[in-house]
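Asks: quick one: sequence and predicted model below, then my questions.
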Amino acid sequence: MRGLLCLIVLVLAGCASAPLIPQTTARPEQAETKPFALTGRIAVKHNSERSSAGVRWAHQITEDEILLLAPLGQTVARIRRDAQGVSLDTSDRHYTAQDTEELTHRVLGWQLPLAGLRNWVLALPAPQSEASIERDANGQVSVMRQDGWEIHYTRYATQASDSLPLRMILQREGMEIQLLIDEWEIQ
């Protein structure tokens, strides 16, 4: 019995992961036109409800695939955007819409602002509207306000002004989305 308990502890210890070092730390020139992938965690507070998940996001210029993951890595939801629109799949349901924000609000109960987030995650303003930006002493974006969202960048991969964000908090009208990025890949 004691040997079985030790084996379980060793297996569980092997499952624990050390924080990942981002593969890419600097934002490349014209980053908004480059495909990227990121792995991390997302936590959402909407009114009095809270939820969290692992996240794996693969972004191409014309499409996105976002996987929301349970603690042991199983896919809980898959969000896909392409030229035909947006779909969200769970283990037993398939949903579609033209707009990510409307679809995630309808199915998950909170809006994922994918149209802006594709740029905000790189600490860049989305091109479709005006943004106000505050920078810290290193020249990094500390706060960005755009499209009713206030985005706080609280951690970067390095101190360089072109460093990629590792932690950001998006806030808007009773909603807060925290995104913690463990690993970046930019092509």
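Replies: Thanks, I have the structure now. Predicted, not measured: the structure shown is a model, and the values here were computed from it. Numbers count the residues shown, from 1 in each chain.
Asks: check which helix or strand the spatially most central residue of the chain maps to.
Replies: Closest residue to the average C-alpha location of the chain: L179 at 5.0 Å, with Cα atoms, centre = their mean. For L179, the host element (DSSP states H and E) is strand 175-186.
Asks: ditto for V86
Replies: For V86, the host element (DSSP H and E) is strand 85-89.
Asks: direction included, what does that strand pair against?
Replies: strand 75-82 (antiparallel), strand 94-97 (antiparallel) (DSSP bridges).
Asks: for P71, pull up the helix or strand it's in.
Replies: Assigned by DSSP H and E, P71 falls within no helix or strand.
Asks: which ones are touching the closest residue to it other than its chain neighbours?
Replies: The spatially closest residue to P71, leaving aside those adjacent along the chain, is G54, at 7.4 Å (Cβ to Cβ, 6 or more residues apart in numbering). Any C-beta I mention is one placed from the backbone N, CA and C, and that applies to glycine too. The neighbours of G54, taking Cβ atoms under 8 Å, 6 or more residues apart in numbering as the test, are T39, G40, R41, I42, L68, L69, A70, P71, G73.
Asks: and if we set it to 10 Å?
Replies: Residues in contact with G54 (Cβ atoms under 10 Å, 6 or more residues apart in numbering) are 39-42, 67-76, 180, 182.
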